[in-house]
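1. below are the sequence and a predicted model for it; my questions follow.
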Amino acid sequence: MTTLVVGATGATGRLLVDRLLARGETVRALVRKSPDSPDLPEELRARDGLTLVQGTVLDLPEAELQGLVRGCDAVASCLGHNLSFGGVFGPPWRLVARSLERLCEVVTTVGAPTRVVLMSSTGVRNPDLSETISLAQHLVLAALRVVIQPHPDNERAARHLCSRIGQDHPVIDWCTVRPDGLVDTDELCDYVLHESPTRSAIFDAGKVARLQVADLMSRLVTDDALWAEWRGRMPVVYDAATG
């Protein structure tokens, strides 16, 4: 299988590239810097099965983006905002949602069946389910929608897949992965999936390693049985010790 990874230079995206290559998959990765840049992460160095393309989903010409998508069996988005003042409050506005929307348009134009896997967050509720939260958490999330970018951006992206793409799209199947409390670790430990959060994303957040999220996303791309279980759904992923 061939997978297009966007957000490949991010902390989770580069791990996803590494996991896919370790599974023997072919990967096309969008990177902001030149493929020859000495600053690229180790996971994105020249390797068999890996093609690096410089640019972003929002900046590439239509024909070039269609060519990048054409021949891919899956598209995985690990896009997110840098946790800095500029990344949280400044442009690019609605980076995750706008990129996902354009990718879905291009996939539809290309017309080949494609799995779309989106990395979101556990604070994003599934619009298709009646996921209840406390009043306190509701108020905090409402404030976040007004003050900072990442949360409403992730919500809009998830709604696009649930509402605009839906369950019966002619070429797109999708899954939105919702990790909780991202941390870094060098060892891949067990993780668990739930239909909905089992803890408060604000007041009782669990933990999950970026490596675990990358492994899950790589399995969704390559494992037909796992995909059949979670397609069109929004699994929450926790480290097994906290979930």
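-> That came through fine.
2. CA atoms for contacts and neighbours, from now on please.
-> OK.
3. what does the top strand by length along the chain contact?
-> Selection of the longest strand in the chain by residue count, based on DSSP state E, yields strand 172-179. Here strand 172-179 makes contact (Cα atoms under 8 Å, 6 or more residues apart in numbering) with 104, 107-108, 113-122, 124, 158, 161, 165, 167, 208, 213, 217, 230-238.
4. next one: stretch 13-29
-> 1-8, 41, 43-44, 49-53, 68, 77-79, 210-211, 214-215, 217-218.
5. would you write a ChimeraX line that selects the buried entries of the residues you listed?
-> The following ChimeraX line selects those of the contacts of stretch 13-29 that are buried, judged by 16 or more other Cα atoms under 10 Å:
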select :2,3,4,5,6,7,8,43,44,50,51,52,68,77,78,79,210,211,214,215,217,218
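6. from the contacts of stretch 13-29, which land in helices?
-> Judged by DSSP state H, the contacts of stretch 13-29 include 68, 210, 211, 214, 215, 217, 218 as members of helices.
7. nearest residue to the fifth one other than its sequence neighbours?
-> Computed as Cα to Cα, 6 or more residues apart in numbering, the closest residue to residue 215 that is not its neighbour in sequence is residue 19, at 6.2 Å.
8. helix or strand for the one you found, just tell me which one.
-> helix 13-22 (DSSP states H and E).
9. the residue nearest to residue 234 when sequence neighbours are not counted: how many residues sit nearby?
-> In space, and not counting its chain neighbours, residue 234 is closest to residue 176: 4.6 Å by Cα to Cα, 6+ apart. Residue 176: 26 surrounding residues under other Cα atoms under 10 Å.
10. that older thread, just the ones of the contacts of stretch 13-29 in strands?
-> The strands in this structure, assigned by DSSP E, contain 2, 3, 4, 5, 6, 50, 51, 52, 53, 77 from these.
11. so the fourth one touches residue 73, yeah?
-> No. Taking Cα atoms under 8 Å as the contact criterion, residue 5 and residue 73 are not neighbours in contact, 11.4 Å apart.
12. quick check: bridge partners of the residue nearest to residue 49 when sequence neighbours are not counted?
-> Nearest residue to residue 49, sequence neighbours excluded (Cα to Cα, 6+ apart): residue 26, at 4.6 Å. Beta-bridge pairing for residue 26 (DSSP bridges): residue 2.
13. pLDDT score assigned to residue 26?
-> Residue 26 is assigned 98 on the pLDDT scale.
14. which other helices and strands contact the lengthiest helix in the chain?
-> Using DSSP H to assign secondary structure, the helix with the most residues in the chain is helix 95-110. The helices and strands touching helix 95-110, judged by 3 or more Cα pairs under 8 Å, 6 or more residues apart in numbering; DSSP states H and E, are helix 62-69, helix 150-159, strand 172-179.
15. and those, which one averages the lowest pLDDT?
-> helix 150-159 (a mean of 88).
16. same for it, what does it pack against?
-> Using 3+ Cα pairs under 8 Å, 6+ apart, helix 150-159 is in contact with helix 95-110, helix 135-147.
17. need the least confident one among those helices, by mean pLDDT.
-> By mean pLDDT, the lowest-scoring of the helices and strands packed on helix 150-159 turns out to be helix 135-147, with a mean of 58.
18. now for the chain, the helix or strand with the poorest mean pLDDT.
-> Using mean pLDDT, DSSP states H and E, helix 85-89 stands out as the lowest-scoring helix or strand of the chain, at a mean of 45.
19. chain center to the helix or strand that the longest helix of the chain is followed by: distance?
-> Using DSSP H and E, the helix or strand that follows helix 95-110 in sequence is strand 114-119. When C-alpha coordinates are averaged (Cα atoms, centre = their mean, to the nearest Å), strand 114-119 and its chain have centres 7 Å apart.
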